[in-house]
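[1] just need the structure, nothing else, for what follows:
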Amino acid sequence: MLMGISIGTVSVPAGDIIKIIWAEIFRLTPDLDPMHTNIVLNIRLPRVILAGLVGASLAIAGAAFQGLLRNPLADPYTLGVSSGASVGAVLTLFFGISLPFAGLFTLPLFSILFSFITIFIVLWFARKIDRSMKVETIILTGIIFSSFLGSLISLMIALTGEELRQIIGWLLGSVSMRGWDYIKIILPFFAIGSFLLLLNSRELNAMSFGEERAQHIGVNVHKRKMIILIAGSILTGAAVAVSGTIGFVGLVIPHLTRLLWGPDHVHLLPLSIFTGAGFLILADLLARTIISPTELPIGVITALVGAPVFGVILMNRRSERRG
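    Numbering: from 1, shown residues only. Here you go, the predicted structure:
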């Protein structure tokens with residue numbers, strides 16, 4: 001966090017950052033450069049906190065989905081929630097929708113709404129196909145809906161005129177110029193979703209060995225599965241709503257955390273929160289400084305870092321199985 005706030009076009013010493021934040025908390029008047037105070041409080045601090053919350057949300061949701069679905073390729077986008085949230089955002093931009101009571105927040109509100117609609121349709125469809133809602137059925141249903149919603153997004157982009165750049169920029173992901181209001185939007189969803197997942201960490205341990213075994217030791221598999229899916233979708237929907245589509249965080253970070261600290265979800269879930277937050281803060285720092293003053297979309301950085309890392313992880317897993 002200190003690196004993310006300190007480094008930029010104007011460098012702010014770490015000591016000044018601590019003094020500015022301390023003074024703001026206790027309503028003091030620091031004897032510091034007003035420009036540094038404005039940069040820290042109004043530009044970099046909210047940006048770093050938002051990046052941390054988005055990274056934490058995607059990482060803990062990814063860890064939960066991988067444990068629940070017992071699939072190393074599972075992540076917050078497996079169920080199509082990200083695609084649903086993206087459709088809501090693109091529709092808002094495409095039609096220029098603005099709710100009178102929401103104003104600037106029309107975009108995140110529609111994203112969250114469509115993410116909820118998507119998860120409930122996916123679960124309803126999976127239940128219609130298979131009443132026991134097996135993991136394979138949920139994954140396949142999510143992939144089908146992700147493909148369908150992705151094609152809708154492509155169609156709207158193809159039909160878009162001047163809004164094309166804005167839509168593409170949003171889809172690539174960014175936490176730039178969001179401000180404190182966006183933190184207020186994601187924070188309650190992050191708190192609710194994380195709390196629900198942390199409450200079910202022991203049940204995730206049981207279900208990672210198979211649903212039948214979990215049922216034998218007294219876990220209400222259907223109920224717990226629904227809670228975990230909905231909590232993960234809340235986290236993903238809120239993250240996509242405020243930052244756009246940012247890939248590989250929920251896929252790679254849980255793997256790295258598992259390698260470092262083991263597969264126990266009691267430890268894995270809270271540690272994924274901090275690892276994911278730190279990773280996205282550093283990715284955002286890289287995105288805005290690597291070719292300064294031009295700023296890259298944060299989704300580009302996470303993909304450039306995440307794809308090779310995930311490839312190495314998969315190769316190592318394959319070598320271990322052969323060995």
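[2] from now on I want contacts and neighbour counts done on CA atoms only, so please keep to that.
    Noted.
[3] ok, Ile112 - how many residues close by?
    Ile112 is flanked by 30 other residues according to other Cα atoms under 10 Å.
[4] what helix or strand is it on?
    Using DSSP states H and E, Ile112 falls within helix 106-129.
[5] show me what counts as buried in that helix.
    Buried residues in helix 106-129, defined by neighbour count with 16 or more other Cα atoms under 10 Å: 106-116, 118-120, 122-127.
[6] what's the following helix or strand after that helix?
    Scanning forward in sequence from helix 106-129 by DSSP H and E, the next helix or strand is helix 135-159.
[7] tilt between the helix or strand following that next one and helix 135-159?
    For helix 135-159, the succeeding helix or strand toward the C-terminus, using DSSP H and E, is helix 164-172. Interaxial angle, helix 164-172 versus helix 135-159 (axes from the mean of the first three to the mean of the last three Cα atoms, to 10 degrees): 160 degrees.
[8] avg pLDDT for helix 164-172?
    Looking at helix 164-172 alone, the average pLDDT works out to 74.
[9] run the chain-centre distance for it.
    Mean C-alpha position of helix 164-172 versus that of the full chain (Cα atoms, centre = their mean, to the nearest Å) differs by 18 Å.
[10] would you mark the buried spots in that helix?
    For helix 164-172, burial by neighbour count (16+ other Cα under 10 Å) applies to 164, 167, 169-172.
[11] and the furthest pair within the residues you listed?
    Using Cα to Cα, the two most remote members of these are Leu164 and Leu172, lying 12.3 Å apart.
[12] could the buried residues of helix 164-172 be laid out in CSV, adding distance to Gly4?
    Formatted as CSV, those follow (distance: Cα to Cα, whole Å):
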residue, distance to Gly4
Leu164, 30
Ile167, 26
Gly169, 22
Trp170, 21
Leu171, 23
Leu172, 20
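[13] next helix or strand past the helix or strand of the chain with the lowest mean pLDDT?
    One helix or strand of the chain scores below all others by mean pLDDT, DSSP states H and E: helix 164-172, with a mean of 74. Counting by DSSP H and E, the next helix or strand C-terminal to helix 164-172 is helix 180-199.
[14] what's the angle from that next one to helix 106-129?
    30 degrees.
[15] any weak-confidence spans in the stretch 101-250 of the chain?
    161-163 (pLDDT under 70).
[16] which strand or helix spans the closest residue to Leu58 other than its chain neighbours?
    Closest residue to Leu58 apart from its sequence neighbours, by Cα to Cα, 6 or more residues apart in numbering: Gly250 at 4.8 Å. Element membership for Gly250, per DSSP H and E: helix 249-261.
[17] what about the helix or strand that that helix is followed by, distance to the chain center?
    As assigned by DSSP H and E, the chain's next helix or strand after helix 249-261 is helix 265-289. How far helix 265-289 lies from its chain's middle: 10 Å, per Cα atoms, centre = their mean.
[18] the helix or strand just after helix 265-289 packs against which elements?
    The element immediately downstream of helix 265-289 (helix or strand, assigned by DSSP H and E) is helix 298-322. Where contact means 3 or more Cα pairs under 8 Å, 6 or more residues apart in numbering; DSSP states H and E, helix 298-322 is packed against helix 164-172, helix 249-261, helix 265-289.
[19] show me the contact partners of the shortest one.
    So that's helix 164-172. With contacts defined as Cα atoms under 8 Å, 6 or more residues apart in numbering, helix 164-172 is touched by 86, 90, 93, 157, 243-246, 297-300.
[20] and the nearest residue to Leu69 once chain neighbours are set aside, how far from Ser11?
    Closest residue to Leu69 apart from its sequence neighbours, by Cα to Cα, 6+ apart: Val135 at 5.6 Å. To Ser11, Val135 is 49 Å away according to Cα to Cα, to the nearest Å.
[21] between these two, which one's more packed in?
    Neighbour totals were compared for Val135 and Ser11, and Val135 leads with 17 against 12 (other Cα under 10 Å).
[22] what about Pro100, how many residues nearby?
    8.
[23] show me what contacts the residue nearest in space to the middle of the chain?
    The centroid of the chain falls nearest to Leu58 when counting by Cα atoms, centre = their mean (2.9 Å). Each residue near Leu58 by Cα under 8 Å, 6+ apart is listed here: 76, 235-236, 239, 249-250, 276.
[24] mind putting these in CSV, neighbour count included?
    Formatted as CSV, the contacts of Leu58 follow (neighbours: other Cα atoms under 10 Å):
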residue, neighbour count
Pro76, 29
Leu235, 32
Thr236, 31
Ala239, 31
Val249, 29
Gly250, 30
Gly276, 28
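[25] hang on, the earlier thing: identify the farthest-apart pair in the contacts of helix 164-172.
    With distances taken as Cα to Cα, the most widely separated pair in those is Leu93 and Val300, at 21.3 Å.
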